[in-house]
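1. Here is a sequence together with a model predicted from it:
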Amino acid sequence: MESPIRATRILGFIFFSLLFFVCRSAPSHNLLISNAERRIDLTSHIVKVYLTLKVENAGSTPTSEILLAFPPTQVDHLATVEALVTKGKRKKTTLVRLDVKPTELPDVPNGNKYFTIYLANPLSSGESTTLEVLYMFTHSLEPFPAEIGQSESQLVYYRDSALILSPYHIKQQTTFIKTPSTKVESFTRVEPTNRAGTEMKYGPYEDHPPYSFSPILIHFENNSPFPVVEELVREIEISHWGNLQVTEQYTLVHGGARHKGVFSRVDYQSRPTLSGASSLRQLLARLPPRVHSVYYRDEIGNISSSHLRMDSRKSELEIEPRYPLFGGWKATFVIGYGLPLQDFLFESSDDRRYLNFTFGCPLLETVVDKLTVKVVLPEGSKDPSAVVPFPVEQHLEAKYSYLDVVGRTVVVIEKKNLVPAHNSHFQVYYTFKPIFMLAEPLMLASAFFLFFVACVAYLHIDLSIRK
Amino acid sequence: MATMPILPPMPVLDLVKSFKLKTKQQELLIRVSILCLVYILAFITRLFSVLRYESMIHEFDPYFNYRTTLYLTQNGFYDFWNWFDYESWYPLGRIVGGTLYPGLMVTAALIYRILHFLRFAVHIREVCVLTAPFFASNTTLVAYFFGKEIWDTGAGLVAAILIAVCPGYISRSVAGSYDNEGVAIFALLFTFYLFVKAVNTGSLAWSLASAFGYFYMVSAWGGYVFIINLIPLYVLVLLITGRYSMRLYVAYNCMYVLGMLLAMQIRFVGFQHVQSGEHMAAMGVFFLLQVFYFLDWVKHMLSDTKLFQAFLRITVTCAVAVGAIALGLGMLSGYISPWTGRFYSLLDPTYAKDHIPIIASVSEHQPTAWSSFMFDFHILLFLFPAGLYFCFKRLSDATIFIVMYGLTSMYFAGVMVRLILVATPAVCLISAIAVSATVKNLTVLLRSKNKGVQTGSTKGSSSSKAASKALLDQSQPFQKNGAIALLFGAFYLLSKYATHCTWVTSEAYSSPSIVLAARGAHGSRVIFDDYREAYFWLRQNTPPDAKVMSWWDYGYQITAMGNRTVIVDNNTWNNTHIATVGRAMSSYEDEAIEIMRSLDVDYVLVVFGGVTGYSSDDINKFLWMVRIGGGVFPVIKEPDYLVNGEYRVDKGAAPKMLNCLMYKLCYYRFGEMLTEYGKPPGYDRARGVEIGNKDIKLEHLEEAFTTSNWIVRIYKVKPPNNRW
């Protein structure tokens, strides 16, 4: 935790000097942002930024690429970037998602990182368009003080810039920051700055050149727990007998201010709002509908504090860790459930089968540092390939489960730094001949048959030496 | 074949007839199916705890066994054999490989390996949980063969059924009770069966098998001492009663010599067979048998009786003298160790109370109450004497054995509650003889009546007295009715036994004791999972090298579930160390902190039932800590904690009691807690009093964690203050 924060500070200075420094090399000088509005949501521990950009092509050539810039410290914590464009007239506007890809550029000032938004229709000269950009940061709230007692509330720092970092000239920009409560210890003023209730307004600022930066620091109360799953291993096992078995192994940690000193149960029980306000008491997992045989356990056995609510559209599993999690406390546990196979397994047009399942972590409002999804295909399946809507690492493994001889093919997909926005569907394609389903029953049957034959033989053969 | 000969049309009746079984085959089929059913029954009746709770390890010792099994499966046998465990008995550590009976772990690991070889991807925990029921099922088979050997197949079947559900055995073999006894009772009965078989046949193969059975028993449980003393005693009785035979000579010598050599391979047992007082009886009998054999040979060679008498006198005197001198020399030189305290406490029930408080403090080492005999044996308690009567009526080498086994184990069962377990197979077998013989007699009577022509005697009311004599006197009236009535009586009793056993299993013996269940106000089941809550907290949120001090009862659980180093645990090998912990718990805080610092204690764990009314907590165990601590450190005196010989925690408690560490840790900030409506704050529900010291200040410790129902409280030892 320490080093990125220090790096942030150093870089803050560098960027401050950038205020007076106009950068020369930007790929498309001809683009400019006529109006930018940024809304930063700090209510949970996932920082959500909604950016509305009105982009204008002031050059002569049409362009379809728009760059987004992030300082390197933020890029490390950047979980997801999405860009949308509104289409249609006022009444029936639809949002269309655009491609966003990380881009490496030469001669980048201060190690900034770029993402390119690819427009569906090139923006011709003189035209303008409005983009909605949504991006999220994890681990961007630094608890200060870093250690708190049971009765203290959790205060955090948030660092950003009052001005939007952009390779383009911005004519007018405003930033709104929403804090979870009205309790704000301090915040940097970059006039004009207003604060009303839980919202702070930076701006409007007029006419800032590319790469303008003005660091701000907000110190505020955030008593929501910071559930961070350090590692999540999801194993999805396909059985063509009609079941999909999902096993999820969690390593959960409370990522907020570390707990120090005494944990008093009397205080915790008698004054739940004052004492341990930021502690993590329970979690909600949203599971697919028609889930069955749900279990919630850890290395030493079943954990009895869980509830399952089911309706036709979703199932909600409410789980409590064995003990309330204070800052820095850990808990590991396993959630497992079965699902009807026909809801998730389909046949594609080219006679292949594919599994269509959600990718991310079913726990609400949690950050996953490292996710490993293992799709265990049935024994005898061939040519597996996975289609995931974002960049991931993939490899294959073999697993031996009940009565396996050659082992099952496991498609392993790994991704780091996930937020709930990653809970989209992914597909795993493979070919499978139904005859393989009969292999295990036949094996069992023949084993029993041989056993009985052996019994019969034993009863009919006289092995004694004496006559 | 080109042309098929047309089969003559076979009458359907003939076809059916060809499938009809002969009487002998029918009997075999019934016997095998009964045995299969009993086998399954013995397994499933032990699964109550899995259904009620979950597939988990129970109690205290099984957690150690589970931990070692896990280690064995992960690191292999040699690592296990040479394992030095740093996580227990800090700072001494424990040589695990040399201080345990590895039979259970090796068995479970072997089952695990076999299942994995057969591609059954089970978890080792499931194997451990189900090991005891599996061996209980196997025990029923052994009981059948044993019963068959000593009486007949009927008795064998009844014995199998009785032992399958007998609560005395179930208490130690439910699913999850992964303890040595689970496999040891199987090994015990199997060894006895093989030995009796060897004595009956005189076959070297059977006695070799019994030696291996004995080896397995030695590897599984310390109770093997019972075998190595009972078998020589049995041989001695046979010698005295003039039943010496070549068969006995072969069986005992082979079993003893090979069994002894094999047993020496177990590190924990080592050379005890030749060095410890408990095993000397077997050796003495071994030499005695040689003398007997020699005399027999001389008698055979000498034709002169007078000469032989003289020779006999000289030889016996010499042999006894040499034996006594050898024993005396061995004892004096320290080569042969004297009997241990545990052995003494078996022979003399009052010994432990005066000399070894650590043995006396364990509830399962208490003398048995009559009620628990009734609870564990039910009708077997009445059938046992009847079975003995039948055994004496048909005395043979085998029945003598079972009678001796029954009588000695009954005595031990009276001395210690946990030894009811050892008596159970004998009681079941002897009772089975009673049941089988009675029922057989009655049915024989009924059948013979049917063939006869007497019809007048079936009238009128039955008289049981008349019926019991009916076998002797054919002309007695009302025989048939009496027999029917008695049969119904027997079946009524046996069905009562079955219901009792099921009820006991489900109510008393199937709770894991880690998870406590209670009925809520609305009749719903409330689960107190505080132990695991605390252990898991320790596992996740304390430094990996933290040392936890608690009373020894929780040591195994803390290391297995909490994965942290403990000062003392359930392997009570070092009394001084336990006494040190007892002393720390019963001292004032500033004295205790010195002890804790010297032991590098980071956390102190206490179990407290004041909020939930859980009565087996540390406050109720506290007097034993005082006694054990005081046994080594005379600074701690039991009367200091008592008021007029009475143990209290309320206002009238002794001042030392109110300020000792254990009291402070249990009741810290309990005075603010409202536990029951209409009662003052700080009302202790386990003892039903308001506590005497509500204003507890801790100086060197701080509360680190308390579970949701306050059952486990963990305190952190603060680092010493800076001097300036």
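-> Good, I have the coordinates.
2. Looking at the stretch 1-150 of chain A, which residue is nearest chain B?
-> In the stretch 1-150 of chain A, the residue that lies nearest chain B is A:Q150 (10.0 Å; Cβ to the nearest Cβ). Any C-beta I mention is one placed from the backbone N, CA and C, and that applies to glycine too.
3. Which of the three states applies to that residue?
-> Under DSSP: H, G, I helix; E, B strand; the rest coil, A:Q150 falls in the coil class.
4. what's near enough to touch it?
-> Counting by Cβ atoms under 8 Å, 6 or more residues apart in numbering or on different chains, A:Q150 touches A:H259, A:G261, A:V262, A:F263, A:S264, A:D267, A:Y268, A:S275, A:G276, A:F326.
5. Would you mind listing which of the residues you listed are buried?
-> By neighbour count, with 16 or more other Cβ atoms under 10 Å in any protein chain shown, the contacts of A:Q150 hold A:H259, A:V262, A:F263, A:S264, A:D267, A:Y268, A:S275, A:G276, A:F326 as buried.
6. A:H45: which of those is nearest?
-> Comparing those against A:H45 with Cβ to Cβ places A:F326 closest, at 14.8 Å.
7. Not counting its neighbours along the chain, what's nearest that closest one?
-> Spatial nearest neighbour of A:F326, excluding adjacent residues (Cβ to Cβ, 6 or more residues apart in numbering or on different chains): A:H259 at 3.5 Å.
8. Buried residues, the longest helix along chain A. List them.
-> For chain A, the helix that runs over the most residues, judged by DSSP state H, is helix A:439-460. Neighbour counts using 16+ other Cβ under 10 Å place A:A439, A:E440 of helix A:439-460 among the buried residues.
9. Quick check: which element contains the one residue in the stretch 151-300 of chain B that gets nearest to chain A?
-> Proximity to chain A, evaluated over the stretch 151-300 of chain B using Cβ to the nearest Cβ, is greatest for B:G176 at 10.4 Å. Assignment of secondary structure by DSSP states H and E places B:G176 within no helix or strand.
10. again with B:F308
-> Using DSSP H and E, B:F308 falls within helix B:305-333.
11. pLDDT (mean, whole number) over that helix?
-> Average pLDDT, helix B:305-333: 87.
12. now stretch A:401-412
-> Model confidence over stretch A:401-412, given as mean pLDDT, is 89.
13. List the buried residues in it.
-> Neighbour-count burial for stretch A:401-412 flags A:S401, A:L403, A:D404, A:R408, A:T409, A:V410, A:V411, A:V412 (criterion: 16+ other Cβ under 10 Å).
14. filter those residues by proximity to chain B?
-> Filtering the buried residues of stretch A:401-412 for proximity to chain B by Cβ under 8 Å from any Cβ of the partner chain leaves A:S401, A:L403, A:D404.
15. The second one contacts B:F120, doesn't it?
-> This points to A:L403. Yes - using Cβ atoms under 8 Å, A:L403 is in contact with B:F120, at 7.4 Å.
16. average pLDDT across stretch A:132-152?
-> 91.
17. Alpha carbons of it, as PDB, please.
-> Output in PDB follows, covering the C-alpha atoms of stretch A:132-152 (Å, rounded to 0.1, in the frame of the first residue of the first chain):
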ATOM      1  CA  GLU A 132     -20.100   9.200 -22.000                       C
ATOM      2  CA  VAL A 133     -17.000   7.700 -20.500                       C
ATOM      3  CA  LEU A 134     -17.200   5.600 -17.300                       C
ATOM      4  CA  TYR A 135     -14.100   4.400 -15.500                       C
ATOM      5  CA  MET A 136     -13.500   2.900 -12.100                       C
ATOM      6  CA  PHE A 137     -10.500   2.900  -9.800                       C
ATOM      7  CA  THR A 138      -9.900   0.400  -7.000                       C
ATOM      8  CA  HIS A 139      -7.600   0.900  -4.000                       C
ATOM      9  CA  SER A 140      -7.700   4.600  -4.500                       C
ATOM     10  CA  LEU A 141      -8.900   5.700  -1.100                       C
ATOM     11  CA  GLU A 142      -6.000   5.800   1.300                       C
ATOM     12  CA  PRO A 143      -7.200   5.500   5.000                       C
ATOM     13  CA  PHE A 144      -5.800   8.200   7.200                       C
ATOM     14  CA  PRO A 145      -5.300   7.600  10.000                       C
ATOM     15  CA  ALA A 146      -4.100   4.200   8.700                       C
ATOM     16  CA  GLU A 147      -5.100   2.500  12.000                       C
ATOM     17  CA  ILE A 148      -8.200   3.200  13.900                       C
ATOM     18  CA  GLY A 149      -9.700   1.900  17.100                       C
ATOM     19  CA  GLN A 150     -13.100   0.200  17.400                       C
ATOM     20  CA  SER A 151     -15.100   3.300  18.100                       C
ATOM     21  CA  GLU A 152     -13.500   5.600  15.600                       C
END
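18. could the contacts of A:Q150 go into CSV alongside distance to B:P349 and pLDDT?
-> Listed next are these as CSV, based on distance: Cβ to Cβ, whole Å; pLDDT from 0 to 100:
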residue, distance to B:P349, pLDDT
A:H259, 52, 91
A:G261, 51, 85
A:V262, 47, 89
A:F263, 46, 90
A:S264, 47, 89
A:D267, 50, 89
A:Y268, 48, 89
A:S275, 53, 83
A:G276, 52, 82
A:F326, 51, 92
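19. And chain B, is stretch A:372-387 touching that?
-> No - using Cβ under 8 Å from any Cβ, stretch A:372-387 stays clear of chain B, coming no nearer than 10.8 Å.
20. mind checking how far that stretch is from the chain centre?
-> Distance, stretch centre to chain centre, for stretch A:372-387: 22 Å (Cα atoms, centre = their mean, to the nearest Å).
21. what's the span of it, first residue to last?
-> End-to-end span of stretch A:372-387 (Cα to Cα, to the nearest Å): 15 Å.
22. Report the buried residues of it.
-> Neighbour counts using 16+ other Cβ under 10 Å place A:V373, A:K374, A:V375, A:V376, A:L377, A:P378, A:E379, A:G380, A:S381, A:P384, A:A386 of stretch A:372-387 among the buried residues.
23. rewinding a little: distance to A:I303 added to the buried residues of stretch A:401-412, as TSV?
-> Supplementary listing: the buried residues of stretch A:401-412 in TSV, determined by distance: Cβ to Cβ, whole Å:
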residue	distance to A:I303
A:S401	25
A:L403	30
A:D404	30
A:R408	29
A:T409	32
A:V410	27
A:V411	30
A:V412	27
